[in-house]
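Q: Structure, please.
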Amino acid sequence: MKTESGRGASLVIVVCVSAFLVAFSLAMVHTAGLMLSQANRRLNRERSYQLAGSFALALDRELEAHKGKDPNDPALEGSFYRFACRFLEESAYAVYDPDHPDTTVYHYKLTGDNPAGDNYGELTVALYKESDWPDNRIAGDFLYNDVSSGGQTPLEKVATEVEHCTFTVEVRAGVGGENYRYATVYDQKATYKDGAVTFQRGDGTRIWWDSSGWKDSANQPVAVGNGEIISYEIDSGLTYLSSCIFTKAVPEHGETQNAGTGGETP
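A: Residues are numbered from 1 along each chain as shown. From the prediction side, this is the model:
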């Protein structure tokens, strides 16, 4: 009887030890799986960060490479610089409204074959603009000073390097459920062509400026005295642009988003 009881106790011990080993093995497998999953998430997070940052840098370099050039030059067709100028100047693209981001933030998803492979990641570029002028209307007044006395010409005074818009470029990258967005904010300085500017005297008479001086609607010379207040308005639009300069307004910043979420532009 004692022998059978001892055998039973030994069997119970063996079963308990076996169960412990099985549980321990399962725990180790689970822990290894968690560690592998966390490693993959860290890898994907790093890849999304690098992808967003490198693409944002590529866009920045293109804006820098073409700064000061006429965006209407056929050689710039298809460039991001030309598109940025059109985006900021054309009324077809609305000024950013925080109450309606769905209609004032424009998203462009990159499509086509990825040379790095389908699993490298997805890229989306979000663009929006904020005007530096009330109602996005470039207009104002100035005191005319005779050019012969060394002052700027009226066109140089009002249509050269006009601070028109603040331009935000946000690159969003997603890799394996991990998402990262990288934003760059630019100040735009636009120089406009002569035909973009309309001048007006205090009595409401419209006048124009060319290299020989003030002219009326019949292209006849007009005498404008020193210190006279002249109103002006500039028609924005790609065809009216002579050049653009983009300067970073604030340091770039990035933000990691939770896995599986796309995030929102403010």
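Q: What is the neighbour count of Thr168?
A: 20 (other C-beta atoms under 10 Å). C-beta coordinates here come from the backbone N, C-alpha and C atoms, glycine included.
Q: That one and Val185: what is the separation?
A: 5 Å (C-beta to C-beta, to the nearest Å).
Q: ok now do Gly68, which residues does it touch?
A: 243-245 (C-beta atoms under 8 Å, 6 or more residues apart in numbering).
Q: need the contact list for Ser79.
A: Per C-beta under 8 Å, 6+ apart, neighbours of Ser79: 62, 66.
Q: Phi and psi next, for it.
A: The phi/psi pair for Ser79 (degrees, to the nearest 10) reads phi -80, psi 150.
Q: what does the model give it for pLDDT?
A: According to the prediction, Ser79 has pLDDT 94.
Q: repeat for Ala94
A: 95.
Q: Confirm it sits in a helix?
A: No: Ala94: not assigned to a helix; according to DSSP: H, G, I helix; E, B strand; the rest coil it is coil.
Q: ok, how many other residues are close to it?
A: 14.
Q: Check the contact between it and Thr104; I expect there is one.
A: Yes: contact status for Ala94 versus Thr104: in contact at 4.8 Å, counting by C-beta atoms under 8 Å.
Q: what about Arg45, is that helix, strand or coil?
A: helix.
Q: so the residue nearest to it when sequence neighbours are not counted bridges to which residues?
A: Leaving out its chain neighbours, the residue that sits closest to Arg45 by C-beta to C-beta, 6 or more residues apart in numbering is Glu178, at 4.4 Å. Judged by DSSP bridges, the bridge partners of Glu178 are Val175.
Q: Make sure Glu178 is actually in contact with Ser48.
A: Yes: at 5.0 Å, Glu178 and Ser48 qualify as touching, with contact defined as C-beta under 8 Å.
Q: between the two, who's got more neighbours?
A: Set Glu178 next to Ser48 and count neighbours by other C-beta under 10 Å: Ser48 wins out with 27 against 24.
Q: For my notes, confirm the more buried one occurs in a helix.
A: Yes: using three-state DSSP, the assignment for Ser48 is a helix.
Q: Run through the residues that contact it.
A: Counted by C-beta under 8 Å, 6+ apart, Ser48 has contacts 121, 173-175, 178-180.
Q: Considering those residues, which is situated nearest to His164?
A: When the contacts of Ser48 are ranked by distance to His164 (C-beta to C-beta), Ala173 comes first, at 29.4 Å.
Q: which strands and helices sit next to the helix or strand harbouring the closest one?
A: Element membership for Ala173, per DSSP states H and E: strand 162-175. Secondary-structure packing of strand 162-175 (3 or more C-beta pairs under 8 Å, 6 or more residues apart in numbering; DSSP states H and E): helix 2-65, helix 80-89, strand 122-131, strand 178-192.
Q: ok, of those, where does mean pLDDT dip lowest?
A: Lowest mean pLDDT within these: helix 2-65, a mean of 65.
Q: mind listing the helices in the stretch 151-266 of the chain by residue range?
A: Taking DSSP state H, counting those that start in this stretch as the criterion, the stretch 151-266 of the chain contains helices spanning 154-159.
Q: Can you get me a residue count around Ala126?
A: 19.
Q: so what's it closest to, chain neighbours aside?
A: Glu170 (4.3 Å).
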